[in-house]
Structures are given as structure tokens and as C-alpha cells.
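Chemist: Dropping the sequence and predicted coords here.
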Amino acid sequence: MAQLQQLVGSQVQLMPIVKANAYGHGVRQTVDALGDLRRWGFGVATGAEGLQLRTLQPHGRILVLSSWQPAQLRQLVKAQLELAVWDEVSLAAIQSLPQSLRRQARVHLKLDTGTTRIGFQRSDLPVLYRRLARQVIHVVGIFSHFANAEEAGQTRTKQQLHNFTTLLDALHIPLQEIDTHMACTAAAMAYPGARFGLIRPGMGLYGLWPSPQIQARLRATHPTFQLQPVLSWKSRLLQIKTVPAGTAVGYGSTWHAPRRMSVGVVPVGYADGYDRHWSNAAWVTIAGKRAPVIGRVCMNMFMVDLRHIRRPRPGQEVTLLGPGITADTLAALQGTINYEVTTRLSPDIQRILTR
Ligand SMILES: Cc1ncc(COP(=O)(O)O)c(C=O)c1O
């Protein structure tokens, strides 16, 4: 967070994005880890996440970026959550609140500048004017989100930025009094013009690059800027067994012992977020050495080849994700992105904050 702040300069505020259980890292632990570092407030995806975070953060700004249900609205406003509004229906829901609550509601207009996710389009502007003129609501922010900021090509991102500034002009809202924001980690790193006064970093704060392209771009301009993943995922060997050559391992018998050897059982499976695509492909580390995953990952267990581990013992610590096996590596094995690897970690796994 301090590094990012230094990169963007002190006049730009940071809104750490802690949606999806802080990208799988544990929202409580993440909020604790950030302590009282200077920030605008937090960003979450849903109304439910906002309410949960409010119990951890009784004061301070929290923006619900992506979705809330009209049935939750009174509760969200009472909890002083700031709310994205993305179309006539969501705006009407706010405007239909009883007057006392409506006056408390603080809204960020979400504009669709080319991602074609939620947001008002240019063609919605007349409706937006009419609605806003009919009944005053407290617009405290205007924002948008990029579709291609992680990529090497810049054309679409520059176009979206241009669309955003054009829409801001067309809205005729005095911008000095409100927050305009558009930049995720990648955009904050690679597009200084997209930072405005506030950025919304997620992945970068967890020490992971949004993409190799952004990593290469930033390395070129800021060679000393480094990210270090903050998350490790650990378990313990549940059982160790010696099996003869030819023994089949796991469901479907997809792996056979090439010789007499030691097999370890790890009590973690796809129900915990250890993806089944990592069957016969990933590895864990034990005492700093690699132990390949053998056979299919089950719902609650998987097996590892212990041939290179000296005197393994039940209860020994196993690193599933950490220095020797990164979220980027696991993502590549599965044909996905590091975001999906960390956000899929079951919230039931205990998170421990170490410093
Ligand atoms: C609206 C919005 N803002 C900011 C972010 C943070 O993006 P990143 O994790 O790439 O920094 C996200 C994440 O998907 C998002 O949906």
C-alpha cells in the first residue's frame, strides 16, 4: 500500500478493494493488516460484504461497487454504506426511500465506458438528468471500470478513459465536490491519467501482479518497484504410507507408483479451493522441497509424492501456496488468472495474520 501510494503520489487517495473476502485473504485480517494506513475507505462488491465490513469498521467510508438488492437498501443506508447506482431502476430504488433515509444515502454513479458490465450508458444520460432533477440525491462519486487495463495494447483503455472524461463533462456535475475514480491496480500503475484523485487497487495490494504485461511495463519505468505475495496456504501431512511399485493412486487410478515409494495424504481438496485441474500437475513444498501432486485431487484430500522428502512425518507442515509455488503458477496450470486462485480459497479455512 505504501509503495503504491508512493507511485501515484500523495495527492491521490487509495480505496483498497476487499471484495470476495479480500481476494480470499480474509477481510478481517486484511483490514487489520492495513491498520491505520492513510486511505479513502474500502471498496466491496456486494451489500452483504458491505454490512459484514461495517461490523469490523464502525467508522470510515465503504463503497458497495457492484450489486445490492432493493430489499437490503434501508439496512445499507442505515449502515452508512455508499452505494453504486448503475441504471434507472437502481436510482429509482434510492429515490423511493422515505425522505429521511434518502437524505442519508450517498451514491456513486457508475458509468459504462466500454466494459459493458453495470453502468449508465451515454444514451441513458437524458433519463439520468430527468431523474436527478426530479429529486435531489446525494451524489458523492462518479466512477467507471476498465476492460483491458491489464493488457499490453493501450487503444481500448485510452478510449475508455476518453469516454469517461467526455461523460463527466456531459453530466454537468461540479466535480470538485465529488470523487471521480476509474483505476484498478493495472490502470493505476500504467495509466497516470486514469488516477484522478482516487484509485481502487485490489490485486496489487495482495502482492500479486494483475498481469505479466503490467509487471513488464512497470519494471521498465520503475525498476525498484517490487511486489511480494502476502498469502501462504498451509496444511499438514495427514497420513504417510509406503506403497509397492504399480500401486494406483486416487480416483480413476490416474497415477501409478513407478517403484516402491512413500505417498503422503494432504487433507485439502477442491471443496477448499484446491482446484481439481491441479491433479497430477501441481506440487506442494515440504521442508522447502517439492512434492508433486499425484492422482486426482478429491473433494477433501489429495496425495503427494514424497520421494524427495527426507524422513517425512505425519503432522509435518505442507505449503500449498507460498514461496515455492505461487498463485501465478497454479493459475497457469489451470488456464486461469491468479485472481481466481486466491478468491476461491474457502472462507472456512482459518486465516492467520502474521507480521
Ligand atoms: C469495480 C472494480 N474496481 C476495482 C477493482 C480492483 O481491481 P484489481 O484487483 O485488478 O486492482 C475491481 C476488481 O475486479 C473492480 O471490479
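Modeler: Yep, that arrived.

Chemist: Can you list the buried residues in stretch 325-337?
Modeler: In terms of neighbour count (16 or more other CB atoms under 10 Å), stretch 325-337 has its buried residues at I325, T326, A327, D328, T329, L330, A331, L333, Q334, I337. To be clear about C-beta, it is placed using only N, CA and C from the backbone, and glycine gets the same treatment.

Chemist: mind listing what the last one touches?
Modeler: Shown in contact with I337 (CB atoms under 8 Å, 6 or more residues apart in numbering): S211, A331.

Chemist: Can I get the buried residues of stretch 325-337 in a markdown table including distance to the ligand?
Modeler: Output for the buried residues of stretch 325-337, formatted as a markdown table (distance: CB to the nearest ligand atom, whole Å):
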| residue | distance to the ligand |
| --- | --- |
| I325 | 21 |
| T326 | 16 |
| A327 | 13 |
| D328 | 14 |
| T329 | 19 |
| L330 | 17 |
| A331 | 14 |
| L333 | 21 |
| Q334 | 19 |
| I337 | 10 |
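
Chemist: What is the nearest of the residues you listed to W255?
Modeler: The shortest gap between W255 and any of those belongs to L333, at 15.7 Å (CB to CB).

Chemist: Would you confirm that R236 contacts Q316?
Modeler: Yes. Assessed by CB atoms under 8 Å, R236 is found in contact with Q316 at 6.4 Å.

Chemist: Reduced to three states, what does F42 come out as?
Modeler: Secondary structure of F42, reduced to three states by DSSP: H, G, I helix; E, B strand; the rest coil: strand.

Chemist: Next, count neighbours for it.
Modeler: Residue neighbour count, defined by other CB atoms under 10 Å, stands at 26 for F42.

Chemist: do A291 as well
Modeler: A291: 25 surrounding residues under other CB under 10 Å.

Chemist: is it in a bridge, and if so with what?
Modeler: A291 forms beta bridges with V284, as assigned by DSSP bridges.

Chemist: mind listing what it touches?
Modeler: A291 sits in contact with G264, W283, V284, T285, V304, D305, L306, H308, I309, V318, where contact means CB under 8 Å, 6+ apart.

Chemist: ditto for Q226
Modeler: For Q226, the set of contacting residues under the criterion of CB under 8 Å, 6+ apart consists of Q3.

Chemist: Then L161?
Modeler: Shown here is L161, whose contacts under the criterion CB under 8 Å, 6+ apart are T113, F146, M182, Y191, G193, A194.

Chemist: just those residues now: which is nearest D169?
Modeler: Distance from D169 was checked for each of the contacts of L161 by CB to CB. The minimum falls on T113, at 13.0 Å.

Chemist: How about the residues of the protein by the ligand?
Modeler: If contacts are counted using CB under 6 Å from any ligand atom, the residues of the chain sitting beside the ligand are I17, L65, H145, C184, T185, A186, R200, P201, G202, M203, G204, P210.

Chemist: What about the residues you listed, which are in helices?
Modeler: Cross-referencing the residues of the chain next to the ligand with the helices (criterion: DSSP state H) gives T185, A186 as the overlap.

Chemist: Ranking by neighbours, what's the top pick from the residues of the chain next to the ligand?
Modeler: When neighbours are counted as other CB under 10 Å, the busiest of the residues of the chain next to the ligand turns out to be A186, with 27 neighbours.

Chemist: what would the buried residues of stretch 325-337 look like in CSV with pLDDT and secondary structure?
Modeler: As requested, the buried residues of stretch 325-337 are exported to CSV (pLDDT from 0 to 100; DSSP: H, G, I helix; E, B strand; the rest coil):
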residue, pLDDT, secondary structure
I325, 97, strand
T326, 97, coil
A327, 98, helix
D328, 97, helix
T329, 98, helix
L330, 98, helix
A331, 98, helix
L333, 97, helix
Q334, 95, helix
I337, 98, coil
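
Chemist: in the lowest-mean-pLDDT helix or strand in the chain, what's buried?
Modeler: Lowest by mean pLDDT, DSSP states H and E among the helices and strands of the chain is helix 125-134, with a mean of 90. Using 16+ other CB under 10 Å as the test for burial, helix 125-134 gives L128, R131, L132.

Chemist: Assign the nearest residue to the last one once chain neighbours are set aside to helix, strand or coil.
Modeler: So that's L132. Counting by CB to CB, 6 or more residues apart in numbering, L132 lies nearest to V139, which is 7.4 Å off, once chain neighbours are set aside. V139 carries the three-state label strand when classified by three-state DSSP.

Chemist: burial measure for M182, as a count.
Modeler: Taking other CB under 10 Å as the criterion, the count of residues near M182 is 28.

Chemist: Quick check: it touching A147?
Modeler: No. Between M182 and A147 there is no contact, the gap being 11.6 Å when judged by CB under 8 Å.

Chemist: The stretch 201-350 of the chain: helices as residue ranges?
Modeler: Shown for the stretch 201-350 of the chain, the helices assigned by DSSP state H, counting those that start in this stretch span residues 212-221, 327-334, 338-343.

Chemist: So which elements touch the second one?
Modeler: For helix 327-334, the packing partners by 3 or more CB pairs under 8 Å, 6 or more residues apart in numbering; DSSP states H and E come out as helix 338-343.

Chemist: Quick check: mean pLDDT of the helix it packs on?
Modeler: The predicted model gives helix 338-343 an average pLDDT of 98.
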